[in-house]
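Novice: Curious how this folds, go ahead:
(one chain, ligands or ions: 1)
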Amino acid sequence: MEMSRLVFASHNQHKIDEIRAILGPRFSIIGLKDLGCDRDIPEPHLTLEENALAKARFVVQHYGLDSFADDTGLEVEALNGLPGVLSARYAGHAKDSRANVKKLLDDLSEQKNRKARFRTVIALIMNGKDYLFEGTVCGEITDKPRGGLGFGYDPVFIPGGHTRTFAEMPPSEKNRISHRKIAISKLAGFLVQASTTR
Ligand code: IMP
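Specialist: Below you'll find the predicted structure:
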């Protein structure tokens, strides 16, 4: 059977490897670097959906290839959904995770409501059509950081039904239950279905 080629509009090799592992050999996933693109595609929009679509569209427009892209945010109930789409630069433009975590804990210092969720949106543009896939994990924000694994807000997020933060879980455990895994699995299901009905 012909292999389906798709661009993942990302420079993050870890994410590219993760999605290749989930999709298996039936799909050839190409990262931005493989296209010779070393630009950071802008994420100027107010929603995860628009940012993910803009990144996928960038590849379609510049390279004429089917493409998908992701965007993730941590949405905290007591902060009306912030940091949300601003998660990477919550404490400023440096994308400094420690500063982001500190600002989040400061903003929540008087708050009893610690409910939050990670949300990943994947936008796929295939044969000129747009598709969106979402993965969410609900949980709670801790009082202080715990654990040295993972990245970003992992040390302050305990997923529902667990007692450890994402940063206290081995990556294999986090990656089985994560927001990104849920969204990627939905994308994978769609792509497999689409390739068998072609
Ligand atoms: P991105 O869309 O995957 O680049 O994620 C945007 C920002 O959200 C990152 O810079 C991190 O601060 C945060 N983030 C995304 N995914 C995770 C995660 O799995 N754990 C902790 N923080 C994350």
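Novice: which bits of this structure sit near the ligand?
Specialist: For the chain, the residues in contact with the ligand (CB under 6 Å from any ligand atom) are 71-74, 87-88, 97, 100, 118, 150-154, 166, 178. Glycine gets a C-beta too; all of them are placed from N, C-alpha and C.
Novice: which residues in this structure form strands?
Specialist: Secondary structure of the chain by DSSP state E: the strands cover 4-8, 27-31, 67-76, 83-84, 115-126, 129-141, 157-159.
Novice: Turn the ones you listed into TSV, including mean pLDDT and mean neighbour count.
Specialist: Rendered in TSV, the data for those read as follows (pLDDT from 0 to 100; neighbours: other CB atoms under 10 Å):
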stretch	mean pLDDT	mean neighbour count
strand 4-8	88	20
strand 27-31	92	17
strand 67-76	97	24
strand 83-84	98	20
strand 115-126	98	22
strand 129-141	98	17
strand 157-159	98	23
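Novice: longest helix anywhere in the protein?
Specialist: Of all the segments assigned as helix in the chain under DSSP state H, the longest by residue count is helix 179-196.
Novice: Quick one: mean pLDDT for that one?
Specialist: Predicted confidence along helix 179-196 averages 91 (mean pLDDT).
Novice: how far off strand 129-141 does it point, in degrees?
Specialist: Angle of helix 179-196 versus strand 129-141, following axes from the mean of the first three to the mean of the last three CA atoms, to 10 degrees, is 160 degrees.
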